[in-house]
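**Q** Sharing a model that was predicted from the sequence below.
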Amino acid sequence: MSKTVSVKICGLRTAEDVAVTAASGAAYCGFNFFARSPRSVSLDDARGLALEAPPGLAKVALTVDADDAFLDDLVAKVPLDMLQLHGRETPARVVAVKARYGLPVMKAVGVADASDLVTMEPYLTVADQILVDAKPPKNSVLPGGNGLPFDWRLIAGRRWPIPWMLAGGLTAQNVAQAIAMTGANQVDLASAVESAPGVKDPDLIRAFMQAVHA
Ligand SMILES: O=C(O)c1ccccc1N[C@@H]1O[C@H](COP(=O)(O)O)[C@@H](O)[C@H]1O
């Protein structure tokens with residue numbers, strides 16, 4: 001029996017991105033507020049995009065080590081369903097963000113070797129979801145969104161007590177194998193559905209969704 005895998009398409013910047021993501025059957029869309037990313041959007045633009053998102057498409061805000069002043073503004077302006085913390089936020093910071101905003105929090109953890117799975121453990125009791133992503137290369141300015149997978153054998157057969165998403169270099173070509181190897185019920189991607197950094201390609205989004213549901 002085939003299983004249902006939920007997809008998050010991250011780094012949406014235009015109304016067309018949102019419309020295609022929703023129509024393709026994705027469960028989540030991501031707005032990126034990391035200023036150095038080619039996928040970043042302003043709070044005003046994100047507000048407009050979020051207001052256009054149809055019901056059923058969960059709106060996730062990706063932030064990196066954001067302070068309360070920024071998050072206060074973000075949450076006041078943009079209607080959101082989840083906060084994604086993609087920096088060096090501690091478990092205590094996850095607790096504080098959840099308490100201050102009352103939104104579910106997904107904490108991203110970069111994986112390169114087995115020690116990173118130990119680093120993940122304290123977040124499992126405080127976050128609502130974990131994003132199991134590839135650890136960025138040392139010289140990258142981006143803590144995520146580098147289009148690089150990690151060794152999925154590291155998490156093959158692993159089960160965690162809270163929902164989690166697999167990320168890092170997922171493509172239409174490799175996602176079926178990634179799901180089969182890791183048992184992921186949710187996947188998240190940015191780079192592989194773009195024709196250039198930050199420019200989403202509707203055909204690539206549709207091809208990815210077909211590959212997930214094939
Ligand atoms: O996408 C970015 O630019 C980004 C910047 C800073 C932190 C995280 C970022 N992206 C996240 O990483 C995953 C995986 O990306 P990719 O598919 O390997 O390109 C992406 O879905 C975002 O959640």
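**A** All right, it came through fine.

**Q** Provide a list of residues in contact with the residue lying closest to residue 30 once chain neighbours are set aside.
**A** Once flanking residues are discounted, residue 30 sits nearest to residue 10: 3.2 Å by Cβ to Cβ, 6 or more residues apart in numbering. For glycine as for every other residue, the C-beta is placed from the backbone atoms N, C-alpha and C. Taking Cβ atoms under 8 Å, 6 or more residues apart in numbering as the contact definition, residue 10 lies against 29, 30, 32, 39, 60, 62, 145, 188, 189, 190.

**Q** repeat that with 6 Å
**A** 30, 188, 190 (Cβ atoms under 6 Å, 6 or more residues apart in numbering).

**Q** Roughly how far does it sit from residue 177?
**A** To residue 177, residue 10 is 21 Å away according to Cβ to Cβ, to the nearest Å.

**Q** Equivalent analysis for residue 113, please.
**A** 20 Å.

**Q** just residue 105 next, same as before
**A** 29 Å.

**Q** quick one, which of these two is more surrounded?
**A** residue 105 (21 against 10; other Cβ atoms under 10 Å).

**Q** Over in this structure, which residue gets nearest the ligand? Let me know.
**A** residue 145 (2.1 Å; Cβ to the nearest ligand atom).

**Q** same question for stretch 82-93, mean pLDDT?
**A** Across stretch 82-93, pLDDT averages out at 98.

**Q** per-residue confidence at the closest residue to residue 73 other than its chain neighbours?
**A** Among residues not flanking residue 73 along the chain, residue 43 sits closest, at 6.1 Å (Cβ to Cβ, 6+ apart). According to the prediction, residue 43 has pLDDT 98.

**Q** Give the burial count for residue 43, as a bare number.
**A** Under the criterion other Cβ under 10 Å, the count of neighbours that residue 43 has is 15.

**Q** Enumerate the residues of this protein near the ligand.
**A** 10-11, 30, 32, 34, 37, 39, 62, 64, 86, 133, 142-147, 167-170, 188-192 (Cβ under 6 Å from any ligand atom).

**Q** So which of these sit within strands?
**A** Counted as lying in strands by DSSP state E, out of the residues of the chain next to the ligand, are 10, 30, 32, 62, 133, 167, 188, 189.

**Q** Top of these by number of neighbours, please.
**A** residue 62 (30 neighbours).

**Q** picking that back up, rebuild the contacts of residue 10 as a markdown table, extending it with pLDDT.
**A** As requested, the contacts of residue 10 are arranged in a markdown table below (pLDDT from 0 to 100):
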| residue | pLDDT |
| --- | --- |
| 30 | 98 |
| 188 | 98 |
| 190 | 98 |
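
**Q** Look up the residues forming beta bridges with the spatially most central residue of the chain.
**A** In the chain, the residue lying closest to the centroid (Cα atoms, centre = their mean) is residue 188, at 5.0 Å. Beta-bridge partners recorded for residue 188 (DSSP bridges): residue 8, residue 167.

**Q** just checking, it touches residue 8?
**A** Yes: with contacts counted by Cβ atoms under 6 Å, residue 188 reaches residue 8, the gap being 4.1 Å.

**Q** on that earlier part again, now do the phi/psi pair for the residue of the chain closest to the ligand.
**A** phi 80, psi 30 (degrees, to the nearest 10).
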